[in-house]
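[1] Structure, please.
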Amino acid sequence: MSSLEISSSSCSQVTRLQLFPPLAEDNISGLLGESMSAIEEKPKDIIKFTLEKLSVDEVSQLVVSPVCGAVSLFVGTTRNNFEGKKVVSLEYEAYMPMAEAEVRKICSAVRQQWPVRHIAVYHRLGLVPVTEASVVIALSSAHRAASLEAVKYVIDTLKAKVPIWKKLHNCSRSQF
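    All right, here's what the predicted structure looks like:
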């Protein structure tokens, strides 16, 4: 088993610590193999429209990569007011074939502008109560600047181009 020696110049004592896992010569190739598989990891675009409650942790974990030092997230939630009116929930609907195609175009545009590894775009449909997430966008990249800029681009472009409609529900009536 490999060990690490720690010595102090103020005393003549040497402490030997056992390393776990051991760093034996034959184990180094295993470690390199893991690194190489991470480098060969293919970029993923994960797009989901769902009636289910969104999990920020789940979406965030989808984009984690050993070759990336940054994961950036945008979480859009339902707030309790709009233009001075009380809101109790939002209701989302989408034209699915076009919505999915537009999100794929957004992912493609992101990849042309920034060196990102993985992109996940989850959007909730149906009723979304106050404080719950209606959209979660996660991106990973080697460095923070690319993922931060890209996540802003995704939410701005999604809101402008993707055929998703929201209806506000308040105590007195509903409105689009």
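[2] What pLDDT is listed against the closest residue to residue 60 other than its chain neighbours?
    The shortest distance from residue 60 to any non-neighbouring residue, by C-beta to C-beta, 6 or more residues apart in numbering, is to residue 138 (5.1 Å). In this view, the C-beta of every residue, glycine as well, is placed from N, C-alpha and C. Residue 138 is assigned 98 on the pLDDT scale.
[3] Paired strands for the helix or strand that contains residue 138, with orientation please.
    Remark: residue 138 resides in strand 133-141, with elements defined by DSSP states H and E. When pairing is defined by DSSP bridges, strand 133-141 lines up against strand 70-77 (antiparallel), strand 116-124 (antiparallel).
[4] how distant is the last one from the center of its chain?
    It stands for strand 116-124. Distance of strand 116-124 from the chain centroid (C-alpha atoms, centre = their mean, to the nearest Å) equals 6 Å.
[5] Assess the claim that the residue nearest to residue 60 and residue 65 are in contact.
    No. Checked against C-beta atoms under 8 Å, the pair residue 138 and residue 65 is beyond contact range at 11.4 Å.
[6] on that earlier part again, distance check, the residue nearest to residue 60 against residue 112.
    The span separating residue 138 from residue 112 equals 19 Å under the rule C-beta to C-beta, to the nearest Å.
[7] what sits opposite the most centrally placed residue in the chain in the beta ladder?
    The residue lying closest to the centre of the chain (C-alpha atoms, centre = their mean) is residue 138, at 2.3 Å. Per DSSP bridges, the residues bridged to residue 138 are residue 73, residue 120.
[8] which regions of this protein lie under the pLDDT threshold?
    The model of the chain has pLDDT under 70 over residues 1-40, 171-176.
[9] quick one, domains of it?
    With domains defined by automatic domain parsing, the chain comprises 3-36, 43-175.
[10] picking that back up, could I get the contacting residues of the residue nearest to residue 60?
    Contact partners of residue 138, counting by C-beta atoms under 8 Å, 6 or more residues apart in numbering, are 59-60, 62-63, 71-73, 118-120, 151.
[11] could I get the residues you listed as CSV with distance to residue 51?
    Listed next are those as CSV, based on distance: C-beta to C-beta, whole Å:
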residue, distance to residue 51
59, 16
60, 21
62, 19
63, 23
71, 26
72, 26
73, 22
118, 24
119, 22
120, 18
151, 24
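[12] nearest to residue 107, of those residues?
    Comparing the contacts of residue 138 against residue 107 with C-beta to C-beta picks out residue 119 as the nearest, at 5.0 Å.
[13] Tell me the spacing between that closest one and residue 103.
    On the measure of C-beta to C-beta, residue 119 and residue 103 end up 9 Å apart.
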